[in-house]
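Visitor: Mind folding the following:
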Amino acid sequence: MNFGLTEEQDMIVNTVRSFVETEIYPLEDEVEKLGFVPPEMGQEIARKVKDLGFFGCNMPEDVGGAGLDHLTFTLVERELGRGSMALTVFFGRPSGILMGCNDEQREKYLIPATRGDKFDALAMTEPGAGSDVRGMKCFARKDGDDWIVNGTKHFISHANIADFVIVFIATGEEQTPKGPKKLITCFLVDRGTPGFEIRDGYNSVSHRGYKNCVLNFDECRLPSSQILGEVHKGFDLANDWLYGTRLTVAANCVGRARRVFDYCVPYAAERKQFGKPIGANQGVSFKLADMITEIDAADFLTLHGAWLLDQKKPSNREIASAKLYASEMLARVTDQAIQIYGGMGLMDDLPLARFWRDARVERIWDGTSEIQRHIISRDLLRPFGA
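Guide: Predicted structure coming up:
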């Protein structure tokens with residue numbers, strides 16, 4: 001087992017970390033106060049990423065990307081996790097699901113998204129359908145060669161900057177042993193399409209400035225040419241895509257936890273109470289020991305999941321484990337960091353309270369902790385027929 005990185009991977013990690021520290025960190029306080037990213041600020045970040053040659057780095061070379069393997073791209077995401085998501089979204093990582101585009105769609109959506117000429121967003125969640133994806137009510141009915149869409153999506157990340165949205169919509173129903181289930185189809189929907197509205201969503205305590213949006217469809221007519229993949233096969237497409245997003249969440253959590261930890265060790269060594277550094281007390285030093293052990297464990301779980309993907313080995317359980325453990329680890333690490341700092345940990349002078357707030361959503365989006373535990377336990381019990 002080789003836990004070392006290649007020379008190229010080391011270079012990529014150092015380059016992305018340096019970019020985050022020099023280009024993202026200085027802007028975070030302003031975005032936190034504003035609650036949004038000024039358009040010119042986001043455009044400037046995207047421009048610098050293009051100059052660096054990293055825009056669309058997760059996409060294959062034949063469509064204009066850098067062709068990074070899953071492991072190397074997970075290392076990139078780990079470093080991006082150190083910075084504000086409201087800003088790192090402009091680093092430009094188009095959804096891998098766009099690789100399902102046909103020839104015409106590649107020219108209209110995939111290639112421009114990889115080049116950075118267009119931004120995409122992905123829409124699945126609805127007010128009444130979160131973890132239960134097949135319970136969605138947003139529905140498209142067939143009308144000749146077109147589809148007429150009605151319904152609502154919400155919690156749609158960064159749709160405010162998207163030129164088009166990848167939307168999962170119910171297009172029928174099938175009978176299963178557990179009762180009727182929706183058949184789902186994936187559509188590519190351009191901003192400005194008649195009957196399609198993107199509006200501001202909810203104010204969140206987590207990741208301020210990283211906007212969520214509500215999508216409304218009112219008799220929105222979409223031609224069949226806007227279908228990504230096959231009719232009624234959107235659920236399979238979504239399952240393939242979810243592997244990558246869970247790894248992204250896990251990697252982001254590890255990167256953010258390491259940034260939090262970097263605040264704690266020097267402080268524990270320098271801050272004195274009762275005539276000695278607080279780190280000399282087991283009440284603090286043992287916290288540090290637990291924190292770094294959990295961070296390293298989450299890191300190895302995450303990189304192992306990415307390695308399995310590269311080896312084309314079964315990885316559903318391992319990736320679910322990485323997402324589950326890393327997201328819950330981040331909650332514990334940020335909480336302990338504030339405990340080490342005491343009252344100052346909750347003040348705006350430090351970013352720890354922000355990290356603490358941001359950590360909360362990681363256990364919810366891209367599959368809740370409960371869903372991850374379901375995936376893991378089902379994988380363990382399935383060979384026994386349970």
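Visitor: Pull up the gap between F300 and V205, please.
Guide: Distance, F300 to V205, by CB to CB, to the nearest Å: 30 Å. Backbone N, C-alpha and C define where each C-beta goes, glycine included.
Visitor: go on, I227?
Guide: As defined by CB to CB, I227 lies at a distance of 37 Å from V205.
Visitor: which of those two has more neighbours?
Guide: The neighbour count for I227 versus V205, taken as other CB atoms under 10 Å, is higher for I227 (22 against 11).
Visitor: ok, that one touching F187?
Guide: Yes: A contact is recorded between I227 and F187 when judged using CB atoms under 8 Å, the distance being 5.9 Å.
Visitor: what's the overlap in contacts for these two?
Guide: For the pair I227 and F187, residues contacting each of them under the criterion CB atoms under 8 Å, 6 or more residues apart in numbering are W147.
Visitor: Do you have the strands of the stretch 1-150 of the chain handy? List them.
Guide: Along the stretch 1-150 of the chain, the segments classed as strands by DSSP state E, counting those that start in this stretch run 120-123, 139-143, 146-157.
Visitor: Return the most buried member of these.
Guide: Of all these, strand 120-123 carries the top mean neighbour count, a mean of 23, counting by mean count of other CB atoms under 10 Å.
Visitor: Could you write out the alpha-carbon coordinates of it in PDB?
Guide: Included here for strand 120-123 are C-alpha records, laid out as PDB according to Å, rounded to 0.1, in the frame of the first residue of the first chain:
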ATOM      1  CA  ASP A 120     -24.200  24.800 -14.700                       C
ATOM      2  CA  ALA A 121     -26.200  23.900 -11.600                       C
ATOM      3  CA  LEU A 122     -28.000  20.700 -10.700                       C
ATOM      4  CA  ALA A 123     -31.600  20.400  -9.500                       C
END
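Visitor: Between the strands of the stretch 1-150 of the chain, which one is closest to A170.
Guide: The stretch from these with the least distance to A170 (CB to CB) is strand 139-143; that distance is 4.8 Å.
Visitor: okay, which residue of the chain is out on the far edge from center?
Guide: Distance from the C-alpha centroid of the chain peaks at G275, with 44.6 Å (CA atoms, centre = their mean).
Visitor: As a check, name the ranges of all strands in the stretch 201-350 of the chain.
Guide: Listed in chain order, the strands of the stretch 201-350 of the chain (DSSP E, counting those that start in this stretch) span 212-223, 227-228, 272-273, 276-277.
Visitor: Can you give the strand pairings for the second one, parallel or anti for each?
Guide: Same thing as strand 227-228. Strand 227-228 has the following strand partners under DSSP bridges: strand 179-190 (antiparallel).
Visitor: What's opposite the nearest residue to N150 once chain neighbours are set aside in the beta bridge?
Guide: The shortest distance from N150 to any residue that is not its chain neighbour, by CB to CB, 6 or more residues apart in numbering, is 5.5 Å, and that residue is F217. Legend: beta-bridge partners of F217 under DSSP bridges are G151, F196.
Visitor: what residues are up against F217?
Guide: Listed by CB under 8 Å, 6+ apart, the contact partners of F217 are 138, 149-152, 195-196.
Visitor: and if you look at E104?
Guide: The contact partners of E104, taken as CB under 8 Å, 6+ apart, are S225.
Visitor: ok, the residue farthest from the centre of the chain to D145 distance?
Guide: Taken as CB to CB, the spacing of G275 relative to D145 amounts to 80 Å.
Visitor: longest single helix anywhere in the chain?
Guide: Identified as the longest helix of the chain according to DSSP state H is helix 234-270.
Visitor: Provide the backbone phi and psi angles at the nearest residue in space to V20 that is not next to it in sequence.
Guide: Using CB to CB, 6+ apart and skipping residues adjacent in sequence, the residue nearest V20 is G83, 4.3 Å away. Backbone torsions of G83, given as degrees, to the nearest 10, read phi -100, psi 170.
Visitor: What is the neighbour count of G83?
Guide: Here the count is done by other CB under 10 Å, and G83 has 24 residues near it.
Visitor: ok, it touching S18?
Guide: No: contact status for G83 versus S18: not in contact, 11.7 Å apart, counting by CB under 8 Å.
Visitor: quick revisit: for R246, which of the strands of the stretch 201-350 of the chain is the nearest?
Guide: For the strands of the stretch 201-350 of the chain, distance to R246 was read as CB to CB. The smallest value, 18.7 Å, belongs to strand 212-223.
Visitor: average pLDDT across that closest one?
Guide: Average pLDDT, strand 212-223: 98.
Visitor: and if you look at stretch 111-121?
Guide: Averaged across stretch 111-121, pLDDT comes to 97.
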